[in-house]
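1. Next come a sequence and a model predicted from it.
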Amino acid sequence: GPFRADTPLYATVTAHLVQRLQTEMTQRRLSLRALAVPAGIDPTSLSRLVTGKVVPDLGTIATLEQELGVDLWPGCPADS
């Protein structure tokens, strides 16, 4: 963000997810490789996710959540 009112929902959800992922990695002092390898994700793919170049698929999100033991997916957006 900040996002315009007409920004697609997937963009705001992805931004939230990436922010949450970056926070977890920073707090745990995890490098991209230190998270990607045990999770079975290519480090380059994780880098592209973290830099906003790709939108993660559900399998990748689930794998990262399982590896970190946290929810990365944001809750439902508030009704407008």
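-> Structure's in. What do you need?

2. before we move on, which element is L30 in?
-> Assignment of secondary structure by DSSP states H and E places L30 within no helix or strand.

3. show me what contacts it?
-> Taking CB atoms under 8 Å, 6 or more residues apart in numbering as the definition of contact, the neighbours of L30 are E24. (Each C-beta comes from the backbone N, C-alpha and C, glycine too.)

4. any idea how far it is from A39?
-> Shown here: L30 relative to A39, a distance of 10 Å by CB to CB, to the nearest Å.

5. residue boundaries of the helices in the protein?
-> Residue ranges of the helices in the chain, as given by DSSP state H, are 9-27, 32-39, 43-50, 58-68.

6. among the ones you listed, which is nearest G75?
-> helix 9-27 (9.5 Å; CB to CB).

7. shaky segments in this structure?
-> Scanning the chain for pLDDT under 70 picks out the ranges 1, 76-80.

8. coming back round to it: possible to save the helices of the chain as TSV with mean neighbour count and distance to P74?
-> As requested, the helices of the chain are exported to TSV (neighbours: other CB atoms under 10 Å; distance: least, CB to CB, whole Å):
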stretch	mean neighbour count	distance to P74
helix 9-27	15	4
helix 32-39	16	19
helix 43-50	17	15
helix 58-68	15	11
